[in-house]
Each structure stands twice: as structure tokens, then as C-alpha cells.
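**Q** Could you work out the structure for the sequence below:
(chains A and B)
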Amino acid sequence: MKYSIIYSALACLITTLCYSQLDSIQKLDEVFVVDRQIKRFSTGQVLQSISSRTLQETPGLLTDVLQENTPIFFKQNGYGMVSSPSFRGTTAQQTAVVWNGFNINSQFNGQTDFNTLLVDGFDELSVRPGGGSVIYGTGAIGGSIHLKNELRFTGETHATLSARIGSFSTYQNLLKASTSNEKWSLSLALSRFSSENNYDWPGTDRQNINGQFEHYNANLSLSRKINGNNRISYHGMYFNGDRNFSLVFPTDPPTNYLNEDHRHLLEWESQLSEVTSVLKLAFFDEFFQYTADTRTPRPTGASAQTMLARYSLFYTYKDFDFNVLSEYNYSSANGDNVLSESRSIASFAFLTKHHWKKLTSEVSFRQEYSDVYESPFLFSSGLNYEISNHVAAKVNVSKNFRIPTFNDLYWEGSGRTDLLPETSNQAEASLIFSDTKEKYQLSFTGYYNDITNLIRWIPNTENIWQPENVDEVETYGLEANFRSQLQYGEHKLRINSLYAYTISENKQTGFQLTYVPKHQFKNNLTYKFGRFSTKVQNLYNGEVFTRANNSEGDILEDYMLWNASVSYLFPELLDLKLSFQVRNITDTPYQTVENRPLPGRHFFIQTQLNF
Amino acid sequence: MKQYSNLFLLLLSILILSCNSDDDNNEPFIPDGDYFDGTLILNEGGFSGSSSVSFISNDLSEVENSIFENTNADQNVGLFPQSIFFDGDRAFIISNGSNKISVVNRFTFELLETIDNDLNVPRYGTVLNGKVYVTNQAAFDSDQDDFVAVIDLETLQVEETVLVGAVANHIVNTNGNVYVQNPSLFGSENPVNSISVFNPSSNSIDDVIQVGDDLNSLKAFNNKIYALDDDGVKIINTANFSIETRINKPENLISLNNLRIESGQMYYTSGTAVYSSSLSSTELSSEVIFDYESEFANGTLYGFDIHDGQFYLADAGDFASNGTVFIYSSSGDLLADFSVGLNPNGFYFQ
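**A** Model (predicted):
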């Protein structure tokens, strides 16, 4: 981490020296998104998109972006440490992270550590609450997070260079560039994020010890139009993370965690009149190494490789949209505690959508076949109905699942191959109010989710911890979203507000699941006047239980956080955008995991250039 | 049984202390503090702390949780406290996740000192002739780095660390020597279970006694060592370090745990059932005294002890809820139950 200061200083210098000619005017035609299903087959569900601008303005970890803009609650073992989501009151394995259409949750534990993804290099992030297993497979129960790369053939060249420096020796740099002509398109992003992360624990005389991290991320997308009907594209991502884990007590052994993931996707798209045929081949590699005591290092680790082949046919006939999808997935893993095993899954899905006047309906099915466990028949069915110009209604019901992971199946001495997938039956309904000019949008969503066969590790009769399908959970709740964009002359105001009420009960005990706040409330307000802009953000998380028996003495108290930033654009100074950000303005002590305090008031300065 | 006078309790505690073979301090003392007439429960907590010590009064009328935190503001016993041992009016609380031993006044629970140097995953301790001997497991995937830390009782400094050459877990002393339980390394392909004889005058391992698979309990009683393994109970002669008696178990008893000795009886558990056999028996009895039914789905007996004819059981439940302590009479009747901290793993009687 010693190069980080020089590196960041250099990046700052470069951003201030470079210049740009124009405000980047993004042409929206001819944008190729790899995930073709999300926009087309989300009937009955409310999608939320987070722009690349928002991604670049927040700290680049996926946790930061999502906890400020969505109702997902994150458990973090200290800032930047292991981060597990709870989406609509579900468990960490029940949120799918989808990279360009492919589920990238870990083969080992079935979840994504949301602090091991740097997102500032992606072009868009979409959040799709509710079931999505028919398209995205395992884990899409609470919802799915979609990381997307886009490619354009507009002939334009863009570049963004950004550098952030902040409290606790935090440095963040991003280089993002894209270029294209009529036949080729290239897009590249490189980002780096590091921090000493030695923040004071607010309200105590202690400091965060052993919390340093240094992450690198690279995205590369390349596409070539062979002729008018055929296109070949490659997308790749690489992540390298080096983290120490914060200590609970100063005498705990200092630990370290390295992870390196790379993912590659090759696709061939062919268009034949009404039919689009897409063949995708993907290869994913995940690797981690954990050192329990860095003073006497004895690292242990594991790696997993996944090979995927997916063939999709999209067909539009009159008012119908069809999609037939077949996929073969071969995964293998080896490591210190996991038996060297492999797993094959074949899946078939059929998606169909129909438009009739103001009614859009969708019915989709998926069946997987695995060589290890039985897979349930999955379905999703949705309706969108425009009640009037100002009111729309959406309804969706689906059956989703989460398959046993490599740890569950093959952990040395404990894994069991007789496990069943977790299954979820869910329903949701939304009402969306908007004005004709789309200055305002207000939506309400109610959902119900019945999840059975939850896998939990418990000691067996011989006191060996083993996974078992033991739990049943029922979640239900309400989400309200308000969005508004107002403009009076030079003054622009944007408001995003959300409220989430979440009940997540263990059906056997009736207790709320641990670390699921019943109430969340988040507001983002952006005000722009000419070159000046400011953003004020607050987020409220209700109290959470830390014990499964909901004991009153064992809770994390509710908290309200405030963040604010001001930016100024200097067109005369080579279009430099200078931002200053304060986070946790009120220096509020808070935790999202017991005994894991998060930072108090801290600051960032960011320089950004688009050219 | 419900009400004791304080004097009776005082006498009782002196009696117990003088009977306790783990403890060679026979001097009577007058306890002063809130926590002398009852039982300490160690709650090992989880990966983010939440460890604590609970106290149940001998009249079984109430429980006080988090007595260490209540007495010592902004202090904590550390991650995964494993065990407590005593020296007179001092209690030593060993935290294996935070590599420290909190030394507190046994009856007020006031923190006196912390030993946090030269320890590496400390597990259990025993006091002999002015020294403390503490087992340290070091790396979990190695049985060659485990050691005994020799600590001076006055200075509380680690004077020497002695490699055991095998996994070091429970430690007891009797007849002038210290005995270290060597269970096999978890996941080992060639499991070897043994007991190391540690000579405190030379600080070296003098002898190694091979025992059966799954050695899980080690007790010093009446100048002998009692070891519980897959075969049953083995009684070790502490003069020549040989197995002098084998009390085998019947076939139908499996996964025996928690050997305790009181009033001429051996007690042990299997699953949630409690059994006993006379010290003079030739085969372990498979007759259940009582089988406690966990209120939790998949509840687990995580701590067990017997004291003054009463059984103390700690149920960790789902390992994410507050644990429960059940106290049963000698005939297996439930006397009381209490909600304690997260993952209770042991009882210590004042």
C-alpha cells in the first residue's frame, strides 16, 4: 500500500492537467447491453437503475452505493470488511449478484461479499427486487443486483479520470475510456481503492485496528460487428483485493484475506429477421486465501472455476416476445477444506411476454437438472397494467431457489450431498403514480415471501457442524419510493426518497431474523445551479436484533446518518469538477454488526474529468 | 434445598475448594463480593464478541448476566472465552480468540490484571506450586506448535513456553505432575490420542500415555487421572504413568462426553442424556439418569457439570440465541432454568 500516495498524487495531477472540449453528450441510440432479459422480462417488478455518475460519486464499493440508494441492509464487520446483504429480509445467500446476465455469487458460500466489488467502472447498476431465479438462477430470492457494461457504435471517444483522497489515508482512482467506430467498440475501466482504514471508533477511545485494504478492478469490453446481422463481443472483469480484517479486541490475532476473481464472457449475436440468436460462453475463476494470523502466516485457500455455455433465442411474433434459454454449467473447486469435486447443471427456461392494449403479461418457466441434488420447477408470472396515464399497476408471482453451495456439499468432514435447495414462493404487487412529464414518480410495493428448507449449519449428534435444511422463514413488507426532478430556470432539484418496512420471521419461533431492520428510510437531495451542485443524503436504519431469540438487551440501536457534498465545475480550468464530501456529518456512533463500529465524521476531496 | 444460610454456604465453599483436586490452595478465606454464593457460567459468544460471564445464586432465585462488563466498564473478556481456573480469590478467565487471560477478583469480579503476552490460542489452565500452566493450541491446523505456557503466579508473566508435540487441550495436575490432554488434530488421517506428562520441575514432557480414540475428558481425582475416550474410562496411575484400570463402555453407548466425578460416582453424557457409574464398576452403565429435552429445535448440550448432587446443563440452542441453563436434581427433576449469554460452555462453582 506504500505506492498509493504517489499513485494518487499522480492521478490528481493528471486529472488537473488534462482538458476536455465538450460536455459529454451521450447518444442513447445503439447502446448494446449484454443482459437482454432484464428490461424485457421483468413484468410485474419495479426495476431501479443507478447511473454510472452515481457510481462514480460514491465510494466505489458496492455496499456504499446500494445502502445509500436501495432498501438493502448490509451487515459490515467494520468499514470495507466482509459485507453481507439482507434484501427484503432474506439471508445473504438470497441476493444474486449478476454480472452482464450471469450470476457471480461465490461457489463456496453462495453469497457475494459486497465489499469485494468495485463498481465505479461499470456503466450501470440495476436493482431488481423480488424473485428472479427463472432468469438468473440460484439466489435470486430477495432480489438481484445487476452490474452492466455497455457498448456503443457511435464513433465517439470518451474518457473519465477521477481521483479521490480522504480521511484514514483513503485513495481512490478511476480511469474509464471508451471508443468506437462503425465496426468496433471498445470500453475499458481501471480502478483502484485503498485505505489505511484506521478510523477512530466514535464514542470510544479505541481505533479500528488491522482494517487496511487495497483493491484493484479492471473491466474490458470489446465488440466487433461482422456484418449487419452478426456481432461478436467480449466482456471481462478482474478484481484483486487485499484486506486485513478489523480486530474486535486489540489482542486478537491479525488476519488477512486475499481474493482474486476474473470473469470472461464471449458472445455471438445473430439477427435473422424476427429471431435473435445469442450464444454465450463464459469462464469464471474465483480464488481466496485467508491467513488466520499474519504474524505466523499459514494461509489456507481455495479456488473454483465455472464454465458456462448459454444459448438464447429471442423471437418476436405480433404482440408476443419469446425467449428460449438453455444453459450448461460446469463448476469445479479445490482447496484446503473443500473436497475436489465438480458439479454440472443443465437448465432450460422458456420466457414469454404478451402485449395487449394497456396490459402486458408474462409467463416464464425454468427447470434445472443437477448431478447432485433435485431442483424444483421454477416459474414467474407477471402483469403490468396501465390504469390511466398517471397510474400503473404491477403484479408478480414466482417460485425461486437457492442451491446448496460447494461448502454445503463438499466441506471436508461436514458437507452433505443430500441437501435440498432452499425454495421461495413469493408474490408482490405495486402501484406506480407518475405525472405525464415524469417529473414525479411515487411507487408502493407490497410483497410476501415464503421460504422453506433454509440451509443452516448446526452441530449433529456427534457435535460435528453440518449443513441441514432446517429453517422456514416468512418475509413480508412494504416499499415506498418517491422520485422527483424539478427545474426552474437554472435551478435543478432532484429528490429520491425511499421507505422500507420489513418483517422477516422464523416460522418455527415467530422471531424476527437477526440483523433485519423493520424500518429504513433514505433520502437523496441534489440541487444544481449552473456550475454549482450540492447533494444532501440521509439514511435511517431501525434497530436490529443480534440474537435469534430477539432478546431485548441484545440489539443494535437505530441510527440516522447524514452525508453531504458540494461540487463546482470549472470550464475555464479545463472542465475540472471538484467535489468535497463529508460523510457521517453528525459523527454518530453506529454499527451494523455487534462490536464492529463504523467510521464517524470523515471527508473526501474528488477531482473528476470527462474528456 | 431452597434456602441456605450464608454461613452454610461459606462452609460449603471451603469444603468444595478443599476437595477440588484441580486446586491445591487449601487456605480458607472470607469472600467479599456479590458473586460468592453461586455459580459462574462462561458464555463464549461468537465471532463478533458478545462473550460474557453470568452468575446464578445458589438459592437458584436469580441470574445476573454480563457480570464482568457490569463490574468493569468498557472492558471485555475477549473473543471465545474457553475456561476459568482459580487461585485463591482470583479467577483467571482464558479467552482463546483474543489471546489473553483476564485476572479478576473471584468474588467481586473486579479486573485485577490482564495477561496478554506470549499466548497463542490459550485453552485451559491449572495452578501448581506458585505457577500457572496454560495450554495453547496455536495454529488450528497443526499439532506441532501447541505449547504449555508457564506463568508465574506473582508476576503474572509467561516465564517459559514448552512445546507439547501434540494438540494441547485440557490440563490438570495431581501428585506433583501436570497432565495435558492430547486429542487428535481435527481432520487428521492418523488420529493419535494421548496424555502428556509434564514435569514442572524440569518444564519438560516426561512421558506420553497412549489412550483410545476421541479422548475428550481428563479429570484428576484421588491422585489418579481419569480419561474418557471411545473405549470408556481409563484410570492412570500417577506414579508409573501407566493405565491401571480400564472401565469399558457397552456397545450401545456412543459419543460419550463430559466425564465428572463426585461422591464416588462417575458422570458422563451422550447427546442430551446423563449417565452415571460407580467408581468401582467394571463396565460403564448405560442406564439413563435423565434425558433433558432441549426446548430449541436442534438444541445442543454445550456445557455440563455436577455440583453438590445437582446437574448443571448449558444449552446453546441454535448458537445464535441466548443460551439456557438448566439445573436438575440428582433424581433428574428440573429445579430451575435461566436465560444466560450467547453459547454458554461451562460452569464454575464458587
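**Q** mind listing the helices in the chain by residue range?
**A** Unless you meant another one, I'm taking chain A. A:4-17, A:37-40, A:52-57, A:62-69, A:133-136, A:406-410 (DSSP state H).
**Q** looking at chain B here, not the other one
**A** Counting by DSSP H, the helices of chain B are B:6-19, B:67-71.
**Q** Scan the helices and strands of the chain for the one with the lowest mean pLDDT.
**A** Picking chain A for this. helix A:4-17 (a mean of 40; mean pLDDT, DSSP states H and E).
**Q** Wait, chain B was what I had in mind.
**A** helix B:6-19 (a mean of 40).
**Q** For the stretch 151-300 of chain A, which residues are neighbours of chain B?
**A** With the criterion set to Cβ under 8 Å from any Cβ of the partner chain, the stretch 151-300 of chain A comes near chain B through A:204, A:248-249, A:251-253, A:292-293, A:296, A:298, A:300. Using the backbone N, CA and C atoms, a C-beta is placed for each residue, glycine as well.
**Q** again with chain A
**A** A:77, A:204, A:248-249, A:251-253, A:292-293, A:296, A:298, A:300, A:412-413, A:456, A:458-459, A:461-463, A:468, A:470, A:508, A:514, A:546-549, A:551, A:553-554, A:593-596.
**Q** that older thread, neighbour-wise, which of the residues of the stretch 151-300 of chain A next to chain B leads?
**A** residue A:248 (25 neighbours; other Cβ atoms under 10 Å in any protein chain shown).
**Q** what residues are up against the residue nearest to residue B:280 when sequence neighbours are not counted?
**A** If the residues on either side of it in the chain are set aside, residue B:280 comes closest to residue B:264, at 7.9 Å by Cβ to Cβ, 6 or more residues apart in numbering or on different chains. By Cβ atoms under 8 Å, 6 or more residues apart in numbering or on different chains, the contact list for residue B:264 reads B:278-280.
**Q** One more: residue A:114?
**A** A:61-63, A:66, A:74, A:83-85, A:97.
**Q** how many neighbours does residue B:218 have?
**A** 23.
**Q** Now do the same contact list for it.
**A** Residue B:218 touches B:170-172, B:179, B:181, B:195, B:225-228, counting by Cβ under 8 Å, 6+ apart.
**Q** Name whatever forms a beta bridge with it.
**A** residue B:227 (DSSP bridges).
**Q** For the lengthiest strand in chain B, enumerate the helices and strands it packs against.
**A** When chain B is parsed with DSSP state E, its longest strand is strand B:334-342. In terms of contacts (3 or more Cβ pairs under 8 Å, 6 or more residues apart in numbering or on different chains; DSSP states H and E), strand B:334-342 is packed against strand B:38-43, strand B:52-57, strand B:63-64, strand B:322-328.
**Q** which non-adjacent residue is nearest the residue nearest the centre of chain A?
**A** Closest to where the C-alpha atoms of chain A average out (Cα atoms, centre = their mean) is residue A:145, at 4.0 Å. Distances taken as Cβ to Cβ, 6+ apart place residue A:97 nearest to residue A:145, at 5.0 Å, with adjacent residues excluded.
**Q** surely the one you found meets residue A:110?
**A** No: Residue A:97 is beyond contact range of residue A:110, at 11.0 Å (criterion: Cβ atoms under 8 Å).
**Q** Next one: the nearest residue to residue A:418 once chain neighbours are set aside, what pLDDT does it get?
**A** Nearest non-adjacent residue to residue A:418, counting by Cβ to Cβ, 6+ apart: residue A:373, 7.8 Å away. We have a pLDDT of 85 for residue A:373.
**Q** can you count the residues close to the nearest residue to residue A:518 once chain neighbours are set aside?
**A** What sits nearest to residue A:518 in space, not counting adjacent residues and going by Cβ to Cβ, 6+ apart, is residue A:542, at 5.1 Å. Using other Cβ under 10 Å, residue A:542 has 19 other residues around it.
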